[in-house]
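# Here is the input, now give the coordinates:
(one chain, ligands or ions: 1)
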Amino acid sequence: MRIDIISIFPEYFAPLDVSLIGKARERGILDVHLHQLRDWTHDVHHTVDDTPYGGGPGMVMKPGPWGEAIDGVLAADPAARPRIVVPTPSGVPFTQKLAMEYAAEPWLLFTPARYEGIDSRVMAEYGSRLRVDEVSIGDYVLAGGEVAVLVMVEAVGRLLPGVLGNARSVADDSFAPGAMENLLEGPVYTKPPQWRGREVPEILLSGHHGKIARWRRDEALRRTAENRPELLAALDPQSLDKHDRRL
Ligand SMILES: COC(=O)c1ccnc(N)c1
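All right, here's what the predicted structure looks like:
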């Protein structure tokens, strides 16, 4: 997978050089290209923003540099079309389902904005010929979209084949399709069996895989009911067995 990121703070993406994503890049599973938006300005101050038409607070990012920068990225592979992802608090929710959709894309282009956002004509221009998604990572506002891109690249990158050591752990994720869809993962434990007088739940030491799976699902349902009751309400009743319904 190729990922391009255009930003006025490309240095924000240094974390993509380390850990799982860094290793995926070293192994050629992920090909990340960073671009400095100001490289596509033509004035001495490398201006990327201006006052909003219609008045109001803050500044808006100018369409000129963004149009030239996106054209510059598209020129890298004229035969291909990246899916453009615009991080914004006014976008659709970024979910595990959307992360899985993105993990199947050969090429993503992220356009994190600062200030009040990018002149709306830019994505109107590219939306006529490319898939452009406005995506939010939650109901809060950041100083810039760069952090949201880091979140999305990590959530997508870890799903790529070969990135996580044990592929099974993706299937057991919270929100993963199938048995865990719309459920939060329950508690996890490792050695030692006793720690500060606290025991590991006996069932996990039993070696009885059927009962362990049942206990884990019960704990997932309990934690979901506690922390995200709306997810439980949205569960397809068909996906609940008679034991689940007893809880
Ligand atoms: C400037 O970008 C944001 O504030 C942002 C981007 C994506 N998701 C959010 N919740 C906020």
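# Figure out the helix or strand that Ala213 lives in.
Assigned by DSSP states H and E, Ala213 falls within helix 209-227.
# Which secondary structure elements does that helix sit against?
Under the contact criterion of 3 or more Cβ pairs under 8 Å, 6 or more residues apart in numbering; DSSP states H and E, helix 209-227 touches helix 229-234, helix 242-246. In this view, the C-beta of every residue, glycine as well, is placed from N, C-alpha and C.
# Out of those, the one nearest Lys211 is which?
Lys211 sits nearest to helix 242-246 of all these, at 11.5 Å, using Cβ to Cβ.
# returning to what we had before: what's next to the helix holding Ala213, contact-wise?
Residues outside helix 209-227 that contact it (Cβ atoms under 8 Å, 6 or more residues apart in numbering) are 174, 179-180, 182-187, 201, 203-204, 206, 231-232, 243-244, 247.
# Just the mean pLDDT for it, thanks.
Helix 209-227 shows a mean pLDDT of 96.
# And stretch 184-198, by the same measure?
In the prediction, stretch 184-198 has an average pLDDT of 97.
# I would like the residues contacting that stretch, please.
Contacts of stretch 184-198 (Cβ under 8 Å, 6+ apart): 172-175, 199-201, 204-205, 216, 218-220, 222-224, 227-228, 231.
# Filter those down to the buried ones and hand me the PyMOL line.
Buried residues within these, by 16 or more other Cβ atoms under 10 Å, are selected in PyMOL with:
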select buried, resi 173+174+175+204+216+218+219+220+223+224+228+231
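# any weak-confidence spans in this protein?
Applying pLDDT under 70 to the chain flags residues 166-169, 172, 179, 247.
# If we use 80, what do you get?
For the chain, applying pLDDT under 80 flags the ranges 165-181, 239, 245-247.
# and it, which residues reach the ligand?
Contact residues (Cβ under 6 Å from any ligand atom) of the chain with the ligand: 87-89, 113, 136-138, 140-142, 144-145, 148.
# So which of the residues you listed are in strands?
Per DSSP state E, strands hold the following members of those: 87-89, 136.
# want to try a markdown table for these, with distance to Ala76 and neighbour count as columns?
Below are those laid out as a markdown table (distance: Cβ to Cβ, whole Å; neighbours: other Cβ atoms under 10 Å):
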| residue | distance to Ala76 | neighbour count |
| --- | --- | --- |
| Pro87 | 21 | 25 |
| Thr88 | 24 | 22 |
| Pro89 | 29 | 15 |
| Ser136 | 27 | 18 |
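# how about the residues you listed, which pair is most distant?
Across these (Cβ to Cβ), the longest gap, 8.6 Å, separates Pro87 and Pro89.
# okay, now Val92: neighbour count?
Residues lying near Val92 (other Cβ atoms under 10 Å) number 11.
# what's the helix or strand for it?
strand 83-93.
# so who does the spatially closest residue to Thr95 that is not a sequence neighbour touch?
Closest residue to Thr95 apart from its sequence neighbours, by Cβ to Cβ, 6 or more residues apart in numbering: Phe175 at 6.9 Å. Neighbouring residues of Phe175 by Cβ under 8 Å, 6+ apart: 95-97, 181-184.
# thought Leu183 was touching Ala234?
No: Leu183 is beyond contact range of Ala234, at 10.7 Å (criterion: Cβ atoms under 8 Å).
# ok, these two, which is more surrounded?
Leu183 (22 against 10).
# Can you classify the more buried one by secondary structure?
Of the three states, Leu183 takes coil under DSSP: H, G, I helix; E, B strand; the rest coil.
# How about it, nearest residue that isn't a chain neighbour?
Closest to Leu183 by Cβ to Cβ, 6+ apart is Ala220, at 4.4 Å.
# cool, and Ala155?
Nearest to Ala155 is Ala99, by Cβ to Cβ, 6+ apart, at 4.2 Å.
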